[in-house]
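Engineer: Structure for this input, please:
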Amino acid sequence: MLETFGHLPVAWLLFAVLAAAGFVSFFAGRTEAVLVGRGASERLNSQPNYHGYFVAMATVGPAALILVLYGLFGESIVRAELANELPQRIRDLGSLELGQYLDRIAEHAARSDASSTGNALFDAASARYTDLLGLSRIIALVLALSAAALGFFFAKRRLSTQFRARARVEDGIKIMLFLCAAIAIATTIGIVASLFFEALRFFSRVPVLSFLFGTEWNAQTGADFGAIPLFFGTFMIAALAMLVAAPIGLLSAIYLSEYASPRFRGIVKPILELLAGIPTVVYGFFALQFVAPLVRNIATWINGLPVVPDGLLAAQPTSALAAGIVMGIMIIPFVSSLSDDVINAVPQTLRDGAYAIGATKSETVKQVVMPAALPGVIAALLLAVSRAIGETMIVVMAAGQRAQITPDPTADLTTITVQIVALLTGDTEFDSAKTLSAFALGFVLFIVTLVFNLIALRVVQKYREKYE
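Structural biologist: Next up is the predicted model:
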C-alpha cells in the first residue's frame, strides 16, 4: 500500500529524495551561474551561491507544497470518493455513522495482516480504499516530480548576469517565514474554532446559565452539568500552588541575581532548574506517598485539639492542599528562572544611580530594581499560573476527583483538566452531552485565562511606560 519502501517509510524516502533534489539543483544552478559569468563581459548581479539557492528553492518548493497539500487533504479526498461509491443505504446514514464506518474501513485496510471479515461489502470497500489510496499517492508523487522538474528548468532559464538571484532568495525566505507565522496563527484559530463549535453543540442541549452557575456536577451520568465546583477546585489548587511558588521563586531569584556570589549562583541555579525537568507523574507519586499523608496527619492532629470543633478539617487521604503544595514546588523553577533573567536585564545604571545617592543594597532592590523588573515578574507569575491551571497528573493522584465546593483545603477536590480527561477517556460517544461538556469546559477555561492575560497585559504596559 505504498506505506514503506523496503524497510524505509515512504515519508522518510520522500524527504531524502527532496533533499537530494535540493542539493543537485543547488550545484547545477551554481555551476550554471559560474559558466554564465565566465562567458559574459559583465559581472554577475549576485554571487553564484545565490543562483544555486534560487534553483534549489524553485525545484524543491513546488514539490514540497504538493506533498504537504496531499498530506493534509489526500486521505479526505479518498474517503469522499469511497463514500460516493458506497451503496445508497450506506450513504443515507448520518454523518457520524458514515464517518465511523469509513474509519473502520481505513483501520482494516491499514493492517498488514488484514484478512476477510466475511462481510462482502466491507471487504470490497476495504480493497477499494486501498486501491484509491495507492492511486492518490502515485498521482501526488507524479505531480510533485513534474512540479520539481518544471521549477528546475524554469529557474535555470532565468539565470543571467542581470538576474537578481539574491533578492529572489530573500523573497523566498520571507515567504517561508510568513507561512510559518501563518501556520501558528491558523493553528490557534483552529484550536479556538474546534472548542467554540463543539461548545455550541453542548450549549444547544444544556442552558449556558445552568452550566456556568450550577453547583452540582455529575456529567458521567448526564444528570448535572453545573461547573462551579470545577472552577472552584481549579482556582483553589492554583492559588495554593502560587502561595508556595510565588514567594519562594521570587525571593530565590532576587537572592541569586543580587546577593549571591557568581560561584554560588553557578551551582544553585542549575540545581533549582532541575525541578522543571522532573516528570509530573513523579511529583504525583511524591504528593500521594509523602505530602498527602503528612497533610492528613496534621489535619487529624488539629482536629484532636480541645479548642478545635469536632470535624473542622476533612483530613481526607487526598486533598487540595497536598496537590497545591507539590504543584507549587513543581512551578518554582518557572518563577525563579524567568524572574532571575528579568532582574538581571535591569540596566546596571539604575543600580549605580541609586548607590550614588546613598541607597543601600536592600533599598536599591526594593525601590529601583524590582519596580523596573515588575512587568517581567508579572509575566513569570502568569506563566506559572497557566502551568498550575493546566496540570492534571498531580491533581488526579493527590487531590482526588470529587466535585464539591468547600473552603477546607484538606478536603478532596477536582479540577477542570481532570474532568476533561475523565470525560474523554474510555468508550465515549462524541455526540453525547457528557462528551461535549469537555469541550465546553475547555472553552470556558480558555476565555477565563484570556481575560486574565488581557488584564495582566494592561498592567504590564502601564508599568513599562513608566520605566522606558
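
Engineer: Read off the pLDDT value for Leu67.
Structural biologist: Reading off the confidence values, Leu67 has pLDDT 86.

Engineer: tally of neighbours for the spatially closest residue to it that is not a sequence neighbour?
Structural biologist: In this structure, Leu67 finds its nearest non-sequential neighbour in Ala144, 5.4 Å apart by Cβ to Cβ, 6 or more residues apart in numbering. Quick note: C-beta positions are derived from backbone N, CA and C, even for glycine. Residues lying near Ala144 (other Cβ atoms under 10 Å) number 24.

Engineer: Asn84 now?
Structural biologist: By other Cβ under 10 Å, 8 other residues sit near Asn84.

Engineer: the helices in the stretch 51-200 of the chain, which residues?
Structural biologist: 88-91, 95-110, 120-158, 165-203 (DSSP state H, counting those that start in this stretch).

Engineer: quick one: which of the ones you listed is nearest Gln220?
Structural biologist: Among the helices of the stretch 51-200 of the chain, the nearest to Gln220 by Cβ to Cβ is helix 165-203 (15.2 Å).

Engineer: Could you list the buried residues of that closest one?
Structural biologist: 165-166, 168-169, 172, 195, 198-199, 202-203 (16 or more other Cβ atoms under 10 Å).

Engineer: What's the separation between the residue lying closest to Ala398 once chain neighbours are set aside and Met236?
Structural biologist: Spatial nearest neighbour of Ala398, chain neighbours left out: Ala287 (3.5 Å); criterion: Cβ to Cβ, 6+ apart. From Ala287 across to Met236, the span is 16 Å (Cβ to Cβ, to the nearest Å).

Engineer: ok, these two, which is more surrounded?
Structural biologist: Neighbour count, other Cβ under 10 Å: between Ala287 and Met236, Ala287 has more, with 29 against 22.

Engineer: residues touching the more buried one, list them.
Structural biologist: 322-323, 325-326, 394, 397-398 (Cβ atoms under 8 Å, 6 or more residues apart in numbering).

Engineer: Heading C-terminal from the helix or strand harbouring Leu272, find the next helix or strand.
Structural biologist: Using DSSP states H and E, Leu272 sits in helix 262-273. Where DSSP H and E defines the elements, the next helix or strand beyond helix 262-273 is helix 280-286.

Engineer: so what secondary structure elements neighbour that next one?
Structural biologist: Applying 3 or more Cβ pairs under 8 Å, 6 or more residues apart in numbering; DSSP states H and E, one finds that helix 280-286 makes contact with helix 320-344, helix 393-398.

Engineer: what residues does the helix or strand that the last one is followed by touch?
Structural biologist: Remark: after helix 393-398, the chain's next helix or strand is helix 416-424, criterion DSSP H and E. When contacts are taken as Cβ under 8 Å, 6+ apart, the neighbours of helix 416-424 outside the stretch itself are 217, 219-220, 227, 230-231, 234, 389-392, 395-396, 399, 401, 403, 434-435, 437-438, 441-442, 445.

Engineer: for stretch 240-258, same thing?
Structural biologist: For stretch 240-258, the surrounding residues in contact (Cβ under 8 Å, 6+ apart) are 265, 268-269, 272, 320-321, 323-325, 327-337, 339-340, 343-344, 361, 365, 369-370, 377, 380-381, 384-385, 388, 409.

Engineer: filter these to the buried ones?
Structural biologist: Buried among the contacts of stretch 240-258 by 16+ other Cβ under 10 Å: 269, 272, 320-321, 323-325, 327-337, 339-340, 343, 365, 369-370, 377, 380-381, 384-385, 388, 409.

Engineer: Per-residue pLDDT of Leu240, please?
Structural biologist: pLDDT, Leu240: 93.

Engineer: May I ask which helix or strand encompasses Val385?
Structural biologist: Judged by DSSP H and E, Val385 forms part of helix 370-390.

Engineer: could you give the mean pLDDT of that helix?
Structural biologist: For helix 370-390, mean pLDDT rounds to 83.

Engineer: How about stretch 322-341?
Structural biologist: Mean pLDDT, stretch 322-341: 89.

Engineer: can you offset everything so residue one is 11?
Structural biologist: Okay, using 11 as the starting number, the last item reads as stretch 332-351.

Engineer: now that stretch, how far from the chain's geometric center?
Structural biologist: Centroid separation for stretch 332-351 versus its chain: 20 Å, with Cα atoms, centre = their mean, to the nearest Å.
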